[in-house]
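> here are the coordinates; sequence isn't available:
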């Protein structure tokens with residue numbers, strides 16, 4: 001599955017669905033009963049790691065930053081996937097070009 005979205009389109013898709021932020025009850029096919037775990041599973045299925053690092057790459061104040069390259073996500077994510085990530089509490093910081101979750 002290739003969508004070849006640009007990083008700008010990825011950010012726009014996250015912004016478009018901000019009204020669904022933390023609305024996990026609206027996720028149809030839950031892979032976990034926990035929103036963060038669902039998001040981690042989806043991201044790992046889309047962009048499997050190399051087995052050498054964690055999905056959480058850094059933490060600062062009340063944010064966890066995810067080791068997901070926006071360009072790579074843009075190539076494989078559909079709008080529905082982004083919508084479900086937003087529903088799980090995942091946000092995209094366009095300034096730093098990184099995905100993150102609040103604690």
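Structure's in. What do you need? The structure presented is a predicted model; accordingly, all values stated were derived computationally and were not measured. Numbering: from 1, shown residues only.
> tell me which strands and helices the helix ranked longest in the chain is in contact with?
Longest helix of the chain, by residue count under DSSP state H: helix 35-46. If you count contacts as 3 or more Cβ pairs under 8 Å, 6 or more residues apart in numbering; DSSP states H and E, helix 35-46 packs onto helix 70-76, helix 79-87, strand 98-102. Bear in mind the C-beta positions are built from the backbone N, C-alpha and C, glycine included.
> so that helix versus strand 98-102, what angle?
160 degrees (axes from the mean of the first three to the mean of the last three Cα atoms, to 10 degrees).
> could you give the mean pLDDT of the strand or helix carrying residue 57?
Using DSSP states H and E, residue 57 sits in strand 56-60. For strand 56-60, the mean per-residue pLDDT is 85.
> Show me how far it is from its chain's centre.
Centre-to-centre, strand 56-60 and its host chain are 14 Å apart (Cα atoms, centre = their mean, to the nearest Å).
> Which neighbouring elements make contact with the helix or strand following it?
Per DSSP H and E, strand 56-60 leads on to strand 63-66 as the next helix or strand towards the C-terminus. With contacts taken as 3+ Cβ pairs under 8 Å, 6+ apart, strand 63-66 sits against strand 56-60, strand 98-102.
> quick one: which of the ones you listed is nearest residue 46?
strand 98-102 (11.6 Å; Cβ to Cβ).
> got the contact list for residue 79?
Neighbour list for residue 79: residue 13 [criterion: Cβ atoms under 8 Å, 6 or more residues apart in numbering].
> Residue 18 is in contact with residue 85, isn't it?
No. Contact criterion Cβ atoms under 8 Å: residue 18 and residue 85 do not qualify, at 11.9 Å.
> More neighbours: those two, which one.
residue 85 (29 against 9; other Cβ atoms under 10 Å).
> which residue packs closest to the more buried one, ignoring adjacent ones?
For residue 85, ignoring the flanking residues on the chain, the nearest one in space by Cβ to Cβ, 6 or more residues apart in numbering is residue 39 at 5.5 Å.
> Quick one: mean pLDDT for the longest helix of the chain?
The average pLDDT within helix 35-46 is 95.
> Tell me if residue 33 really is in a helix.
No. Assessed with DSSP: H, G, I helix; E, B strand; the rest coil, residue 33 is coil; it does not lie in a helix.
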